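Student: Got a sequence here, can you model it:
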Amino acid sequence: MRVLGIEGTAWAASAAIYDDTDESVFIESDPYQPESGGIHPREAAEHMGEAIPAVIDRALAHAAETADSDAAVDTDGETVNRYDIDCVAFSQGPGLGPCLRTVGTAARAAAQALAVPLVGVNHMVAHLEIGRHESGFDSPVCLNASGANAHLLGYHNGRYRILGETMDTGVGNALDKFTRHIGWEHPGGPKVEAAAKDGELIDLPYVVKGMDFSFSGIMSAAKAAADEGQDIEDICFSLQEHIFAMLTEVAERALSLTGTDELVLGGGVGQNARLQSMLETMCAERGAAFHVPEARFLRDNAGMIAVLGAKQFAAGQTVGIERSQVDPNFRPDEVAVAWRQGEESVARGRGVDTLSADGTSSADRTPSNRGRQRGAEAVVDSIAPVDCEYDLPARSVRKHRLSKSYRHPDLDATLTGERTTAEARLTAEARAAGVPTPLVWDVDREHATIHLQHVGDADLAERLTADAVATVGRHLAAIHDAGLVHGDPTTRNIRVGDRVWLIDFGLGFHTGHVEDYAMDLHVLRQSLAATADDPGPLLEAVIDSYTEAGDPAVVDRLETVADRGRYQ
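Tutor: Residues are numbered from 1 along each chain as shown. Presented below is the predicted three-dimensional model:
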């Protein structure tokens, strides 16, 4: 099979020929370079109008040179497809509307001229699929870090689910906003990377909310630091250390939530060596496999469009001209992933070591490792009273937050200490508000260790029932009424047994803002949608129970919070 791919979502006018017989990918690209500032949609569309026909012509010239001699011939004996092309695939979205419309028009014209079917490709799913295609992974988590986007995706129940995403701007755009502020030309990412080599760490905001994250605060702080005369090298260094640590942390949280041990990187910002290094280190420490695609496949390119187009074409996913309209807000979880039907879900739970009711591991492990569970941040050991150095009344757990060597040591020490303290304090305060939480018996901030009461006999992820989820909704309403947010209420941070318990308040904080309470519900909802076999009744149960027990304004705000996600 041979596919002509066409890409032009924002800045890269690109065409490619993919041949699945030898896995060859020929790519021709003509990037748009603004004279000043960031990407101007009108100028970018004008560039597409000039560049797309030219790159298609060059790609087709290559196709003609390498075509099978038995090219398609019509009934009159005239060669109509001397390029040996089976279909035309194009970026249908997301992206800048004017650019997408130019590409869509070109793709329709090419498909009609070649008399072949048309395939509409989601640009962000293509970023994921090219990494999976190259790596050979079964069902990885994908971190997409590009100009206009930043999110985590994984395949579950026939679609790519959004495990976490930016709540404001894409990672590349965030860096570009800072560089434009100080007068540097587009693109800003490579310039930040170069300047960061000579910098030192300064304090900037670090905002992780479950597996979602925000860049608006750190950008404002970086601009203010520049205005106050802080060394630009220090700001650039600190932007990388904070932003990329946030992305690496949420990637690890996604691995922990789903139980997978495979991660692929996608997107133009993925070319950054520091980001790659952080992710590689994190995966090595977890025993997870990590893959970075070739650089030409990280930045926007038609090669990934052609490769995914071939998979969709083989699965029968073509579109008629009348249904080929582009969608600037095309969500990756709207795509029916027909080419992966019957394949393994990312939420397969592989590698999860859960604690059973008697404190031993559910896996067949050596005695020294029994009762151990590793999450995204910490190792938790189940301890019988006779084995504990403290005189505790019952079986406990010892939770030790691990040092993250991918993070700058100073940043890591600050986050570890703050989260250890927050977990101990807020766990006790939530219990005082009437919500079942473990008793806190000892806190050692210096060594990032907490001793807590052992509660439940399984994570909620292992026993997803409507009743249990409804109870979680009521628990969240209770702590919100007390002015607390959990910060990370995923199905791995809720324990079930004779009761439903909230655990791990490390990302929690005090607040009186409806927005923060709604974010708690948003994190829980994402977790359920990404891991449950039938999330619909569970999502309904948690919202109904919260509405009955809590402030209706929080539920009203929930959709506004969700809409801030990049793909809503």
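
Student: What's the separation between Glu65 and Arg58?
Tutor: 11 Å (Cβ to Cβ, to the nearest Å). Where C-beta positions appear, they are placed from N, C-alpha and C, glycine not excepted.

Student: Looking at the two, which is more packed in?
Tutor: Neighbours per residue (other Cβ atoms under 10 Å) separate Glu65 from Arg58, with Arg58 holding more: 17 against 9.

Student: Now do the same contact list for the more buried one.
Tutor: Residues in contact with Arg58 (Cβ atoms under 8 Å, 6 or more residues apart in numbering) are 15, 28.

Student: So which residues of the stretch 401-550 of the chain form helices?
Tutor: Under the criterion DSSP state H, counting those that start in this stretch, the stretch 401-550 of the chain contains helices at 409-432, 466-481, 514-531, 535-549.

Student: Kindly calculate the angle that the first one makes with helix 466-481.
Tutor: Think helix 409-432. 100 degrees (axes from the mean of the first three to the mean of the last three Cα atoms, to 10 degrees).

Student: same check, this time on the last one
Tutor: Between helix 535-549 and helix 466-481, the angle comes out at 40 degrees (the same axes, to 10 degrees).

Student: so what secondary structure elements neighbour helix 535-549?
Tutor: helix 466-481, helix 514-531, helix 552-563 (3 or more Cβ pairs under 8 Å, 6 or more residues apart in numbering; DSSP states H and E).

Student: Return the most buried member of the helices of the stretch 401-550 of the chain.
Tutor: helix 514-531 (a mean of 23; mean count of other Cβ atoms under 10 Å).

Student: and that one, what does it pack onto?
Tutor: Where contact means 3+ Cβ pairs under 8 Å, 6+ apart, helix 514-531 is packed against strand 150-156, strand 159-165, strand 212-213, helix 232-258, helix 466-481, strand 484-485, helix 535-549, helix 552-563.

Student: Can you tell me which of those is nearest to Glu322?
Tutor: For Glu322, the closest of the helices and strands packed on helix 514-531 is strand 159-165, at 24.1 Å, according to Cβ to Cβ.

Student: Quick check: mean pLDDT of the closest one?
Tutor: The average pLDDT within strand 159-165 is 91.

Student: Count the residues that sit near Ser403.
Tutor: 12.

Student: Please name the residues that touch it.
Tutor: 412, 416, 448.

Student: please redo it, this time with the cut-off set to 7 Å
Tutor: Going by Cβ atoms under 7 Å, 6 or more residues apart in numbering, Ser403 touches 412, 416.

Student: Next: the one 4 residues further on.
Tutor: When the contact criterion is Cβ under 7 Å, 6+ apart, the partners of Arg407 are Ala245.

Student: Next, find the distance separating it from Tyr206.
Tutor: To Tyr206, Arg407 is 10 Å away according to Cβ to Cβ.

Student: who wins for proximity to Asp168 among the helices and strands packed on helix 535-549?
Tutor: Nearest to Asp168, of all the helices and strands packed on helix 535-549, is helix 552-563, at 11.3 Å by Cβ to Cβ.

Student: Could you list every helix and strand in contact with that closest one?
Tutor: Other helices and strands packing on helix 552-563, by 3 or more Cβ pairs under 7 Å, 6 or more residues apart in numbering; DSSP states H and E, are helix 514-531, helix 535-549.

Student: pLDDT averaged over that helix - what is it?
Tutor: On average, helix 552-563 scores 89.

Student: One more: stretch 432-446?
Tutor: Stretch 432-446 shows a mean pLDDT of 95.

Student: buried stuff in that stretch?
Tutor: By 16 or more other Cβ atoms under 10 Å, the buried positions in stretch 432-446 come out as 433, 435-441, 443.

Student: where do the strands sit along the stretch 201-350 of the chain?
Tutor: Ranges of strands in the stretch 201-350 of the chain, per DSSP state E, counting those that start in this stretch, are 208-209, 212-213, 262-266, 289-291.

Student: Pull up the gap between the closest residue to Thr471 other than its chain neighbours and Asp20, please.
Tutor: Leaving aside its chain neighbours, Thr471 sits nearest to Val500 (4.2 Å; criterion: Cβ to Cβ, 6 or more residues apart in numbering). Val500 sits 50 Å away from Asp20, going by Cβ to Cβ.

Student: Of those two, which one has the most company?
Tutor: Applying other Cβ under 10 Å to Val500 and Asp20 shows that Val500 carries more neighbours, namely 23 against 15.

Student: Report the contact partners of that one.
Tutor: Per Cβ under 7 Å, 6+ apart, neighbours of Val500: 436, 468, 471-472, 475, 494.

Student: cool, and Arg419?
Tutor: Neighbours of Arg419 in contact, by Cβ under 7 Å, 6+ apart: 401, 506-507.

Student: which residues of the stretch 301-450 of the chain score low on pLDDT?
Tutor: By pLDDT under 70, the low-scoring segments of the stretch 301-450 of the chain are 348-371, 384-394.

Student: at 50 what do you get?
Tutor: 350-370 (pLDDT under 50).

Student: Need the winner for burial among the strands of the stretch 201-350 of the chain.
Tutor: strand 262-266 (a mean of 27).

Student: Parallel or antiparallel, list what pairs with that one.
Tutor: Partner strands and pairing direction for strand 262-266 (DSSP bridges) are strand 141-145 (parallel), strand 289-291 (parallel).

Student: Switch those over to TSV; also include mean pLDDT and distance to Ala529.
Tutor: Converted to TSV, those look like this (pLDDT from 0 to 100; distance: least, Cβ to Cβ, whole Å):
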stretch	mean pLDDT	distance to Ala529
strand 141-145	95	15
strand 289-291	97	25
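
Student: Compare those strands and report which one is nearest to Val346.
Tutor: strand 141-145 (6.1 Å).

Student: Kindly format the C-alpha coordinates of that closest one as PDB.
Tutor: C-alpha atoms of strand 141-145 as PDB (Å, rounded to 0.1, in the frame of the first residue of the first chain):
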ATOM      1  CA  VAL A 141       0.800   6.000  27.200                       C
ATOM      2  CA  CYS A 142       1.700   8.800  24.900                       C
ATOM      3  CA  LEU A 143       2.900  12.200  26.100                       C
ATOM      4  CA  ASN A 144       2.200  14.800  23.300                       C
ATOM      5  CA  ALA A 145       4.200  18.000  23.900                       C
END
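
Student: show me the contacts for Cys99.
Tutor: Counting by Cβ under 7 Å, 6+ apart, the residues that Cys99 touches are 8-10, 44-45, 48.

Student: ugh, wrong one, Thr166
Tutor: When contacts are counted by Cβ under 7 Å, 6+ apart, Thr166 touches 150-151, 213-215, 566.

Student: So for these, which is the shakiest by pLDDT?
Tutor: Among the contacts of Thr166, Arg566 has the lowest pLDDT, at 47.

Student: domain parsing for the protein?
Tutor: 2-128+299-340, 135-295, 367-453, 459-563 (automatic domain parsing).

Student: measure Ala64 to Ala115 for me?
Tutor: 16 Å.

Student: do the same with Glu548
Tutor: Noted for Glu548: a distance of 60 Å to Ala115, by Cβ to Cβ.

Student: what's the answer for Val523, then?
Tutor: 49 Å.

Student: Equivalent analysis for Glu28, please.
Tutor: According to Cβ to Cβ, Glu28 and Ala115 sit 23 Å apart.

Student: Looking at those two, which has the bigger crowd around it?
Tutor: Glu28 (22 against 11).

Student: The more buried one pairs with what?
Tutor: Note on Glu28: beta-bridge partners by DSSP bridges are Ala15.

Student: my guess is it meets Ile17, correct?
Tutor: No - Glu28 is beyond contact range of Ile17, at 8.9 Å (criterion: Cβ atoms under 7 Å).

Student: shared neighbours of the two, anything?
Tutor: By Cβ under 7 Å, 6+ apart, the residues touching both Glu28 and Ile17 are Ala59.

Student: about what we covered before: save the helices and strands packed on helix 552-563 as CSV, and put in distance to Asp556 too.
Tutor: CSV is the format used below for these (distance: least, Cβ to Cβ, whole Å):
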stretch, distance to Asp556
helix 514-531, 8
helix 535-549, 10
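
Student: All set, thanks.
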